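A.B. asks: One predicted model, sequence on top.
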Amino acid sequence: MAIIKTDNEIIWKRRTTKKQLYIWLAWLVGVSIVLFAWSIISEKTVWFFVQDAPRQAADIGGRMIPPKWSYISKLIRPVWDTLNIATLGTVIAMIIAVPVAFCAARNTTPHSSVRVVALFIIVSSRSVNSLIWALMLVFILGPGVLAGTIAIGLRSIGFCAKLLYESIEEIDETQVEAIKATGASNLQRMTYGILPQVLPTIAGVGIYRWDINIRESTILGLVGAGGIGLQLSASINTLAWTQVSTILLVILVTVFISEWVSAKVRGAII
Amino acid sequence: MSKSADTSKYPEIWNKPPFITNTTLRWSIIIGALIYLIAALGSMDINPQRIIEGIPRGQRFIASFFPPNFADNRGVVWDGILESIWMAIISTVVGIALSVPIGLGAARNLAPFWVYITCRSIIAGSRTFPEIILAIFAVKLFGFGPFAGFIALSLGTIGFFAKLLAEDIENSSEAQAEAVKATGANWFQWINYSIQPQVMPRMIGLSVYRLDINFRESAVVGIVGGGGIGATLNTAFSRYEFDTAAAILLVIIVIVMVLEYASSFLRKWVQ
């Protein structure tokens, strides 16, 4: 905060001149990076296509209306598959994420080298998108729901384990000490001192990730890993735009319902 | 009934209280989950023969990832990474620039009802569809290349950033807003001096986090033609150059790790 005094008045300013200068400098650097990035992107853009885009959008939009409602009957099975991919994937992820989280948390890890391995599992699972996991798993397991489920599972381990180990690190140590004072073994300390404290988080994180996974599993079909994405990419490739809009609406409704369920359940738990 | 309490009836072993205390609810959840599991696994039609066939194929597939080959396609990988970085930066900046007005409009304590509903539905729409679906349409409209990816990622950013901004504004302290209003500030001064300082630290952290997400997502929008490292990765996969693909994946992991550290550092520094 700074006050500038001139001959006849006193002006309050939020920052001193020096601080203001630094902020301007940071802005200058930031803006030049953005402009540079923009120049690179625009160099690689065919502007004719971009100018053409509004016409294209109107064209495709016109072809999408009205949605082909009769197609919904064929979408029930894909939606069921999508739900299964998300749910079973989340279950697999949670089964693996809980021990990984206990290894990654500073206060429960058996050894610091184990912690490094656990952290590496978390980061690599988080960095590789589920679509890339699916791409690789389709090679190994063949196209289908199973590849998608495992892809979702592998992708979610990192997310769940990260949130869990952060909450394990934040637990109340006094309760663990109380259990320890009764002469409890390490495992008993874990199950009676730590687990009850993080159980709501485990349930909450699982539900939260399930909600995200519903959204992610709608696209896995693009690489052949099952679910509604299969129908979506088939419809787009055959230019069946009325089917595309039906599928998008079905996805919208599914996601809304899952988000509502997730919010309700999390509200009840926490 | 003896006069003294009959202690032999008390349980000797203490049991943990269950997580869900309502017995009916607990058992209906457990039984429902079991029925669902059977139904879901039953409809998955797992083909064991295909999996057995796939195992040696998978081993060969994984073996062909090693050692990662950084050398052969260095130029292409480098170009792809740079393109992804520029794409992530520009789409984060544009996305945030678009989400600020939408976020302000979606805060119930700032906006009138019809603005609130409009902005909330924009956010809901953007959040529902994964970046990939947005990218498919962007590629259809704008042609192949990073521009389509940039549009998809910017639209994806709106759903994330505007929602969190709106929630943060709704949770900000009324008192400060009222104090600034009492000085006779106009609407822009009011937002700038009472709301903005309250939400800014968290928003800076979130924007770095979003940059991180956009970089990660830029690795997949390329699969549908949106440019960036994803396009390079997809080419490497379809040319069966798995050693190059492994190199690309490693580079992505390293950059994400660096970004994650940078973002947690920056968040600590801002707060």
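C.D. replies: Now that the structure is in, tell me what you want to look at. Numbering: from 1, shown residues only, chains lettered A, B, ... in the order given.

A.B. asks: near chain A, which residues of the stretch 151-271 of chain B show up?
C.D. replies: Contact residues (C-beta under 8 Å from any C-beta of the partner chain) of the stretch 151-271 of chain B with chain A: B:216-217, B:219-220, B:223-224, B:227, B:233, B:237, B:249, B:252-253, B:256-257, B:260. C-betas here are computed from N, CA, C, even on glycine.

A.B. asks: hmm, try it at 6 Å
C.D. replies: Within the stretch 151-271 of chain B, the residues that sit near chain A (C-beta under 6 Å from any C-beta of the partner chain) are B:V220, B:I252, B:I253, B:V256, B:M257.

A.B. asks: doesn't B:A219 make contact with the second one?
C.D. replies: Going back to what we said before, that points to B:I252. Yes: counting by C-beta atoms under 6 Å, B:A219 is a contact partner of B:I252 at 5.5 Å.

A.B. asks: who has more neighbours, those two?
C.D. replies: B:A219 (30 against 24; other C-beta atoms under 10 Å in any protein chain shown).

A.B. asks: Quick one: residues contacting the more buried one.
C.D. replies: Shown in contact with B:A219 (C-beta atoms under 6 Å, 6 or more residues apart in numbering or on different chains): B:I229, B:G230, B:I252.

A.B. asks: 8 Å instead, please
C.D. replies: B:A219 is in contact with A:N129, A:I132, B:S84, B:G228, B:I229, B:G230, B:L233, B:I252, counting by C-beta atoms under 8 Å, 6 or more residues apart in numbering or on different chains.

A.B. asks: Return the residues in contact with the most centrally placed residue in chain A.
C.D. replies: For chain A, the residue nearest the mean C-alpha position is A:I212 (5.7 Å; C-alpha atoms, centre = their mean). Neighbouring residues of A:I212 by C-beta under 8 Å, 6+ apart: A:S156, A:F159.

A.B. asks: continuing past the helix or strand where it lies, what's the next helix or strand?
C.D. replies: Assigning secondary structure by DSSP states H and E places A:I212 in helix A:195-217. Once helix A:195-217 ends, the next helix or strand along the chain (criterion: DSSP H and E) is helix A:228-237.

A.B. asks: Show me the contact partners of that next one.
C.D. replies: With contacts defined as C-beta under 8 Å, 6+ apart, helix A:228-237 is touched by A:74-75, A:78-79, A:81-82, A:217-222, A:224, A:241, A:243-244, A:247-248, A:250-251, B:133, B:136.

A.B. asks: From those residues, keep the buried residues only.
C.D. replies: Neighbour-count burial (16 or more other C-beta atoms under 10 Å in any protein chain shown) applied to those gives A:75, A:78-79, A:81-82, A:217-222, A:224, A:241, A:243-244, A:247-248, A:250-251, B:133, B:136.

A.B. asks: Could you list the low-confidence segments of the chain?
C.D. replies: Just so you know, I chose chain A. A:1-2, A:270 (pLDDT under 70).

A.B. asks: The chain in question should be chain B.
C.D. replies: B:1-8, B:72, B:267, B:270-271.

A.B. asks: what's the most centrally placed residue in it sitting at in phi/psi?
C.D. replies: For chain B, the residue nearest the mean C-alpha position is B:I213 (6.2 Å; C-alpha atoms, centre = their mean). The phi/psi pair for B:I213 (degrees, to the nearest 10) reads phi -60, psi -40.

A.B. asks: give me the number of residues near the closest residue to it other than its chain neighbours?
C.D. replies: Spatial nearest neighbour of B:I213, chain neighbours left out: B:F160 (7.3 Å); criterion: C-beta to C-beta, 6 or more residues apart in numbering or on different chains. A count of nearby residues for B:F160, using other C-beta under 10 Å, gives 20.

A.B. asks: and what of B:I46?
C.D. replies: 14.

A.B. asks: State the phi and psi torsions of it.
C.D. replies: Taking degrees, to the nearest 10 as the convention, B:I46 sits at phi -80, psi 130.

A.B. asks: ok, now how distant is it from chain A?
C.D. replies: As judged by C-beta to the nearest C-beta, to the nearest Å, B:I46 and chain A stand 5 Å apart.

A.B. asks: so, in contact with chain A or not, the helix or strand hosting B:A33?
C.D. replies: Mapping B:A33 onto the secondary structure by DSSP H and E places it in helix B:23-42. Yes: Helix B:23-42 comes into contact with chain A (C-beta under 8 Å from any C-beta), by way of B:Y36, B:A40, B:L41.

A.B. asks: Measure how buried the last one is and give me the count.
C.D. replies: By other C-beta under 10 Å, the residues close to B:L41 number 13.

A.B. asks: try B:F161
C.D. replies: Neighbours of B:F161 (other C-beta under 10 Å): 26.

A.B. asks: Now that it has come up, it's in contact with B:G103, right?
C.D. replies: Yes: counting by C-beta atoms under 8 Å, B:F161 does reach B:G103; the two are 6.8 Å apart.

A.B. asks: so where do the helices sit in the chain?
C.D. replies: If you meant another chain, say so; for now it's chain A. A:17-43, A:47-64, A:76-104, A:112-127, A:130-141, A:145-169, A:173-181, A:186-188, A:195-217, A:228-237, A:241-269 (DSSP state H).

A.B. asks: I was after chain B.
C.D. replies: B:23-42, B:48-63, B:74-105, B:113-128, B:131-142, B:146-171, B:174-182, B:187-190, B:196-221, B:229-238, B:242-270.

A.B. asks: between the ones you listed, which gets nearest to A:E170?
C.D. replies: In terms of C-beta to C-beta, the element of the helices of chain B nearest to A:E170 is helix B:242-270, at 15.4 Å.
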